[in-house]
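1. Need a 3D model of the sequence below.
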Amino acid sequence: MSFREEKFFALASIDYAGMSIEDLRKLFRETLKSGVHGLCSSPYEEGQEPGDQLSEEQIRRRLEVMKPYTKWIRSFSCTDGNELLPKIAKEMGMKTLVGAWLGDDPKINKKELEGLINLAKQGYVDIAAVGNEVMYRGDLNEEELLEKIYYVKGSIKNLNIPVGYVDAYYEFQERPAITEACDIILANCYPFWEGCDLDYSILYMKDMYNKALRAGNGKKVIITETGWPSEGTPLQGAFPSEENAIKYFINTQKWSQEEDIEIFYFSSFDESWKVGGEGDVGAFWGIWDNNEKLKY
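-> Sure, this is the predicted structure:
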């Protein structure tokens with residue numbers, strides 16, 4: 001794995017030995033209060049799921065919860081009320097990484113792309129993301145995705161807004177044409193989903209980041225998602241728990257600050273609908289629970 005020895009020892013200087021769960025919660029709260037680069041928005045309330053209409057009230061309420069702790073918000077869609085998210089975030093003084101959600105429905109894809117372009121032209125977008133894990137899911141082929149990336153780039157070319165695509169870090173190694181199309185590399189890095197033990201998870205994420213960095217050949221890399229679930233079924237050596245979720249968050253923020261890595265933490269709030277695609281762990285990625293109460 002790629003790491004600088006002095007940084008490894010700095011990271012290892014966090015000694016959790018003998019800490020009670022209350023000690024860890026206190027350290028978590030101190031770390032959160034000191035601020036994080038970015039948070040992934042989780043606007044869906046209990047009983048809602050993508051495709052449901054979001055209200056301005058619920059988006060505003062949740063952004064108010066997040067506002068004291070972050071400078072950046074990442075959104076995932078430009079339809080069904082999600083288009084309000086960057087507008088309200090900008091009103092609150094935050095920066096925005098705005099995503100168009102692309103899937104296998106051409107009509108929805110068109111609405112998403114036009115929504116992203118319109119938001120950019122209105123001044124609500126600092127970074128534009130054309131699709132999220134589309135290659136990973138197989139919803140589009142590479143040529144279809146490239147056409148959409150270049151369409152957005154051409155539509156906002158005079159606005160000085162970097163345009164990228166979000167996917168797992170290794171996709172940028174395996175798909176050089178997509179990497180070439182991006183102004184900026186937006187990489188999702190999840191040691192948990194690769195069964196990594198918590199003790200090695202930050203070194204593992206460093207390696208993920210460095211692979212995306214090498215693939216980008218000089219382009220800036222942002223980690224657009226990383227996190228650790230607080231409950232659910234283990235995956236190989238990766239164990240969900242409150243203790244592990246707290247430690248992963250603290251370690252991630254320490255690395256982010258030490259090496260000036262821009263990271264959007266996943267996620268802000270627990271969302272029950274995610275169990276459909278991820279199993280029981282899907283509901284427990286949030287810093288806050290689905291009632292907007294800080295979990296730790």
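2. alpha carbons only for contacts and neighbour counts from here, please
-> Noted.
3. residue boundaries of the strands in the stretch 1-150 of the chain?
-> 36-40, 70-75, 95-100, 127-132 (DSSP state E, counting those that start in this stretch).
4. nearest to Thr179, of those?
-> Thr179 lies closest to strand 127-132 among those, at 12.5 Å (CA to CA).
5. residue contacts, Glu171?
-> 135-136 (CA atoms under 8 Å, 6 or more residues apart in numbering).
6. quick check: longest helix of this protein.
-> Under DSSP state H, the helix in the chain containing the largest number of residues is helix 242-259.
7. Contact partners for Trp94?
-> Not quite, residue 94 is Met, not Trp. Contacts for Met94 (CA under 8 Å, 6+ apart) come out as 67, 70-73.
8. try 6 Å this time
-> Listed by CA atoms under 6 Å, 6 or more residues apart in numbering, the contact partners of Met94 are 71-72.
9. same check, this time on Pro240
-> Neighbouring residues of Pro240 by CA under 6 Å, 6+ apart: 229-232.
10. Which pLDDT value goes with it?
-> We have a pLDDT of 98 for Pro240.
11. Provide the secondary structure category for the most centrally placed residue in the chain.
-> In the chain, the centroid-proximal residue (CA atoms, centre = their mean) is Glu225; its distance is 2.8 Å. With DSSP: H, G, I helix; E, B strand; the rest coil as the basis, Glu225 sits in strand.
12. What score does it have for pLDDT?
-> At Glu225, the model reports a pLDDT of 98.
13. Tell me what it is bridged to.
-> Here Glu225 sits in beta bridges with Asn188, going by DSSP bridges.
14. That one and Phe266 touch, don't they?
-> Yes - using CA atoms under 6 Å, Glu225 is in contact with Phe266, at 5.3 Å.
15. show me what contacts Phe239?
-> No contacts exist for Phe239 under CA under 6 Å, 6+ apart.
16. Pairing partners for the helix or strand that comes right after the longest helix of the chain, with directions?
-> Per DSSP states H and E, the first helix or strand lying C-terminal to helix 242-259 is strand 263-265. Sheet pairing of strand 263-265 (DSSP bridges) gives strand 36-40 (parallel), strand 221-226 (parallel).
17. Other residues contacting the last one?
-> Strand 221-226 is touched from outside by 185-190, 262-266, with contacts defined as CA under 6 Å, 6+ apart.
18. Equivalent analysis for the first one, please.
-> If you take CA under 6 Å, 6+ apart as the criterion, strand 36-40 is touched by 70-74, 263-268.
19. Now do stretch 18-27, average pLDDT.
-> If you average the pLDDT over stretch 18-27, you get 96.
20. before we move on, what about stretch 60-70?
-> 98.
21. Buried residues in it, which are they?
-> 60, 62-63, 66-67, 69-70 (16 or more other CA atoms under 10 Å).
22. ok now that stretch, how far from the chain's centre?
-> Relative to its chain's centre, stretch 60-70 lies at 16 Å (CA atoms, centre = their mean, to the nearest Å).
23. My guess is Ser241 contacts Gly232. True?
-> No - using CA under 6 Å, Ser241 is not in contact with Gly232; the gap is 7.7 Å.
24. neighbour count winner among those two?
-> Neighbours were tallied for Ser241 and for Gly232 using other CA atoms under 10 Å; the higher tally belongs to Ser241 (18 against 15).
25. Only the buried residues of stretch 225-244, if you could.
-> 225-231, 234, 238-244.
26. so where's the chain uncertain?
-> 1-13 (pLDDT under 70).
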